[in-house]
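**Q** coords please:
(2 chains)
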Amino acid sequence: MIVCAAVIGQANNPLYLETFQQGSSDDALRFHYIVHCSLDAVEEKLALPRKSPGEPSDAYLGLLYPTEDYKVFGYVTNTRVKFILVVDEPVPKDEEMRMIFKRFHAAYVDAVCNPFYSVNTPLTSSSFDASVRTIIMTL
Amino acid sequence: MELKSWIPERFTPVVMVVTTPEAEEMVQLNNGLTVVEMLRPHGVFHNLSVPVRTVGEQSYRIRELKLRLHYASSLFQPTPEAAEEYLQGVVKAATQGCESEPAPDIAACLRKGEPPGATPWFDTYQREFMRMLAFGELETFDHPVACLLVAHAGAEDPVQTFQALWAGAALPPLMRAGVMELRLLLHHLLLHDDSRHAEGGYQRAEEKLRVARAALGHAAVGLARVNSGSGDPASQVGYAADPGRWAAALAGAPRDGGAGELAARPAPPPGGLGARLTGANQEALAACLQDLAVRSLLPALEGRVRALNHQVTSTRRGLRNQLKTLLWRKASPAPGAQSGGRESPRPSSSGGSGSGAASVEGQMRALADLAFLMQDYETAASTLRLLAGDLRADKAWRQYAAAQEMLGLALVMLGAPPADAAAAFKEAFLRYSSAAAGPGRPGKDCVRLATRAALLTAAHARSHGNYGEANFALMKAHFPEEGLRAALLLEQAALCLLRVAPPALRKFAFHMVLAGLRYSSCGQSALGARAYRQVLGLYAGRQWAFIEEHLHSVLGARRKEAGDAAGALEHFAAMLVCPQSPRAWQATYLRQFLDTVAAAAAAQGESPVLDLPLPEVDAANVTVVCDDQVCHADGAARALPDEAWRRLEAPLLPGVEAGLPSWLDGGSSRSLAALPAACCVAGEALTVGVILTNPLALDLALSAVRLLYEHDCGEPDDAEAEEQTLSLAPGQRTTLQLVLRVRRAGALTLRGLEWTLNGHARGRRLFEPRRARGRRGRGLAKAPASGSLSFTVLAPAPCLQVALEALPGALLVGELAHARLVLTNAGPAPLRALRCTAAGPDLHLTPDVDGAAGRSATEVGAGLKGAGLGLGLLFSGGRAVYAWPPALELAPGARLEWPLWVHPRAAGALDVSLAFCYEPAQAAQEGMKYRLLRLRRVVDVAPALALTATLTPSVADLNQLLLRLDAEDLQGAGGLRMRQLSCTRPGWGVCSLQAAGSAPPAQETLKPGNSALQPAAPARASEALDAALGAGERAALFFRLHPPDAAAPRINGDAGAGGDAGGPPRLGLHHMYNVLPRGTEAVRAVAQSPARVLHDFGAHGACVAVLRLGLRSCLPERVTVTVSTGAGAETAAWRIREGGDAAAGAGAAPAPAASLDQAAGLRSGAEYVWVAATHTLLPDLAPGAAADVALQVAVFAPGMYEVGDYSIAWTRAGSGVAGGSCPGPSFLFSVEAV
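**A** Numbers count the residues shown, from 1 in each chain, chains lettered A, B, ... in the order given. Okay, here's the model as predicted:
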């Protein structure tokens, strides 16, 4: 199951970071750390040369890195907005993760389409939060 | 550190120096240098060309050579503790002042493509660290290869002196232990002191030189003159004048000496280092050392290398030897191998003259190192490979690691593939590390050696651009290390991460923070703070809240510790906004911040003003409300769009509505155009709305909240800024309204907001108004602070204030409310030419206030000047403009009251908008010809009555109409009372239908005086009634409507109904327009037959009844009317009385329904006969004129008759065009026999 979802902006600034785990209070700190560290992995994956010239890049980055307790998955949009999901056991299949990220992306697009939202500011929209929670819960 | 340049400098032959005290004293006293320090700069030879042949047949030439000169007593490795202490000192000295210089902006460096380079102190540290590890027992390249004996030329017998010196020399500990080679090449140097005039002078010294050369060999003795200079700057040729030359020769030393340096250095003389050394002296010394190097040392080394090579070849090289070694090793493993590590090669005999390292491995190592020193790297590498193989087989890991390390260096110098050298260094690191795992002292030493190997790995990897590997090596090296070295290694590892592609910024930051922690824990807090500052720059504004919180916390604490409370405040202030932290932490941060503010205030004498993030001030959204030429009475007036007001005000300003000045406007247009966009009037309030938010879960108390502004007058009492105190609850967001009043004209700029947080911390925030969006610019670029918050303060002007009193908040439709306008001049100057206009027809200003017209102004209000007070009414632009007399002048403080009638006609919100225009009484000042005041109230209007009126022509009267009025109480609460119905058309009257007939059912006494609104209305025009309407009840009332005289073709009715809800009477009026009668007739006819006809049928068989028909023309032109009898259909019927009792007869107008009820008794057939003229012509009937026509009908029996078979035709007079015809109304009468 997913224990943490994050949206990171173009300048690697957190736009949205929410944890979905009942437990200790330093969860936020811990997941901040995990998400933050995963950004280096995202950049490494982005810097990898493409297999063939002109090959369309896949937004889904797959497993970024495993921590002791969790696995971190990543997804990057064409505008270099990153979605990070921290997943607990049992880890969903790759195809399933890809679908979750696509829905996450769609929710983000909806939130950004709000004319009252200015790009690259923290996402405080409650409807975005609600749709993310729905995505998390359906897993 | 570039390995290829560092290696030839570091790996050079070591010359051990032993001096006599006299020689030492002679040099030290005069020059502030020890003998070794004096000699060192001359031990570097460039442009040599010495042919040497070591192992192979080929000879090669040595071009550059450097001798490392050290005192014999200093040739030992310092203890690790002493070394650490020394290294700490080195770093401290190297980082002096690094705290004050700004940390590099990493992000900017990366954008430019130039990652920040290695820190300068690290290079120094690395060199010193390597030096501290010299003279170890595992390597031999630091072992001396020659000994230089230095004696004073004044010694009586130089040969004996030299022998005694060598015999009594304090040899290095390793040499005493036999590890170092004792069979050294001896060289001798006599120093002649020119400063002291000894007997015989220099000739005597030369004589002694000859004696010594005869005894010790010609090449082994040298003589040099020193201290020839007089100490004055003129004599210091070349060297002494250049202190940098000596700086390279002076090296620091640990507490107890060692690593090639003595513990104590002589004090520098007043003339500076080397004050008495002349150029000739230096050249003599250089010549002596070159003699030593070229003529003695290199040939000796050559011989030693060849001898060692021979030994190694005979014992180790070749197939036979290899097989022997293999078999022998397998049979009896090396003695040291059982204890996990082989001891260093021991000499077979402990005697001083034997071979330093008698074992084969020792010899191989010595051969490799000597070959390395002789720059024969190939021999060194091949020997080291062989040695490494042997040591690996022996499991002598430390020696193996040392050999691998040396092999790596040799490979670097050979230019072998980088991977080979890197593999050798890595292998060395690995083996040192595994050896370090063992307990005790060797383990600790191995950690340092492992670090050295890692440093070499990193330097090698960096020189090949392999920063990832360098980072890896440094990271691995830092784990077993502790304190300062670990911190330095981490920092270097972090810096390597910036150079990998793509730069691993976050890893860099993480490593840097770890390095900062290590620095702080080992006392290098300046470096720690620097590391943190670098990272802080990387994260500033990125909103990684936890990271920034940690960084600021550490930096703040560090600066506070250092006594820099003001600097700490910056960091503590940045920590204040931490909504992600629990409440307790927020409280702690706030307390910590306030404590530091107190400390800073105590240090500086006053509390500093900071850019505080608490509370959050929305600096981009600042609203300023002020009156310029247009004043708004309140917020409701501002809520109406400007366009609506402009439309309303247009009639007030006849010259302005076009908006564009023309030549007709003359000077006034120029002054209007000159009016600045943002202006306010001196003395009037400027209200600034600022949004404050408390992001924390704590209460915040703000005091002395005030505006920061700039006013070019400069006098502090010319402006008055209001100060406010407020407290913000957790999470509260509030808009603070601050009032600023400027008393003098000038330019005003609003800068920002200042406040005091929780009574201690003074904070401020400058406004950053958004630049107005241009037509193209879509971004929200921040305007400079002086942007749109600048105002021009105009000179004081009159200021009209209007209050609308006694206006109820809610009204009913049609209700008539009386409100009061109170006009006051609040400005310092009198005003005149007051005009007013109102939106909509529901508002009305009476032209006369209780007969004020014609009275002098002073009688009505205080402070008024002018003749009369009558209100002029004129229509302009489709609106009524009420103008007070132009001569009326309102002095400052004057007050004028005026009634306002409000009469809403439709339900909903009634917009009571009034615009006032006035002019200053004095000559018009520049830019302010007139001022406008906008006043607005919104009144809720509820529906009261639904009234429907229906008009039908009266059947009984030619002129009258019947009015039916349906009323419904829409309020639903009852209590509405209809008081009066009036017809406002002149001459028309209304009366109750019942009044003409039977007794009126609901009529009460007339209430006189209730027609105050229409005192001129005729008495007949209104009908008083008092009908209470119940809740939701529908009532229908019937009235007669009387025409004035001649009938009008169309009737414009106007009926009024009044509501009375009891209590204080509230009056209302409903108006109905265009109430038209149903149906229109060209000619109206009314049957005026007698109701009863008595006839004596006995006397006359036929009874002739005269029927009178009233006719009135309703057409606007003259008509000719013809009444034709007997022409209509036989629809009439006569009724015979059965049973004798009459059913009707009493009523003058029997209801048609009553006759239909008895239709059974009717008998059809012509029971009557028209008599007399069948056609009656009424020529030329004037419009509205009435005429009577008499028709005669004969009946032959008593009964009830209905006669209707006649028609009325009409034609327009003169035109000859046929008009129309219609059946006439039926006559109904009864004939009774007498």
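
**Q** I figured residue B:43 hits residue B:67, correct?
**A** Yes: contact criterion C-beta atoms under 8 Å: residue B:43 and residue B:67 qualify, at 3.7 Å. Heads up, the C-betas are built off the backbone N, CA and C, glycines and all.

**Q** give me the common contacts of those two.
**A** Common contacts of residue B:43 and residue B:67, defined by C-beta atoms under 8 Å, 6 or more residues apart in numbering or on different chains, comprise B:15, B:289, B:293.

**Q** now the lowest-mean-pLDDT helix or strand in chain A, how far from the chain's geometric center?
**A** Every helix and strand in chain A was compared by mean pLDDT, DSSP states H and E; the lowest is helix A:27-47, with a mean of 84. With C-alpha atoms, centre = their mean, to the nearest Å as the basis, helix A:27-47 stands 10 Å off its chain's centre.

**Q** likewise stretch B:538-547?
**A** Counting by C-alpha atoms, centre = their mean, stretch B:538-547 comes out at 15 Å from the chain centroid.

**Q** check stretch B:535-555 too.
**A** Distance, stretch centre to chain centre, for stretch B:535-555: 17 Å (C-alpha atoms, centre = their mean).

**Q** can you check stretch A:106-114 too?
**A** 14 Å.

**Q** tell me the buried residues in the helix or strand where residue B:161 lies?
**A** Using DSSP states H and E, residue B:161 sits within helix B:158-167. Across helix B:158-167, burial judged by 16 or more other C-beta atoms under 10 Å in any protein chain shown covers B:158, B:159, B:161, B:162, B:165, B:166.

**Q** burial count for the residue of chain A found nearest chain B?
**A** Per C-beta to the nearest C-beta, residue A:13 is where chain A lies closest to chain B, at 4.2 Å. As a burial measure, residue A:13 scores 15 neighbours (other C-beta atoms under 10 Å in any protein chain shown).

**Q** and it, what is it in contact with?
**A** Residue A:13 is in contact with A:120, B:541, B:542, B:543, B:544, counting by C-beta under 8 Å, 6+ apart.

**Q** looking at those, which has the most residues close by?
**A** residue B:544 leads the contacts of residue A:13 on contacts (other C-beta under 10 Å) with 24 neighbours.

**Q** per-residue confidence at the residue of chain A closest to chain B?
**A** Note on residue A:13: pLDDT of 87.

**Q** from residue B:103, how far out is it?
**A** 21 Å (C-beta to C-beta, to the nearest Å).

**Q** now do residue B:986
**A** 96 Å.

**Q** which of the two has more neighbours?
**A** Between residue B:986 and residue B:103, counted using other C-beta under 10 Å, the more crowded position is residue B:103 (17 against 10).

**Q** can you pull the contacts of the more buried one?
**A** Per C-beta under 8 Å, 6+ apart, neighbours of residue B:103: B:530, B:533, B:534, B:536, B:537.

**Q** which single residue of chain B ends up nearest chain A?
**A** Chain B approaches chain A most closely through residue B:542 (4.2 Å), counting by C-beta to the nearest C-beta.

**Q** now the nearest residue to that residue once chain neighbours are set aside, what are its backbone angles?
**A** The shortest distance from residue B:542 to any non-neighbouring residue, by C-beta to C-beta, 6 or more residues apart in numbering or on different chains, is to residue A:13 (4.2 Å). Dihedral angles phi and psi of residue A:13 (degrees, to the nearest 10) take the values phi -100, psi 140.
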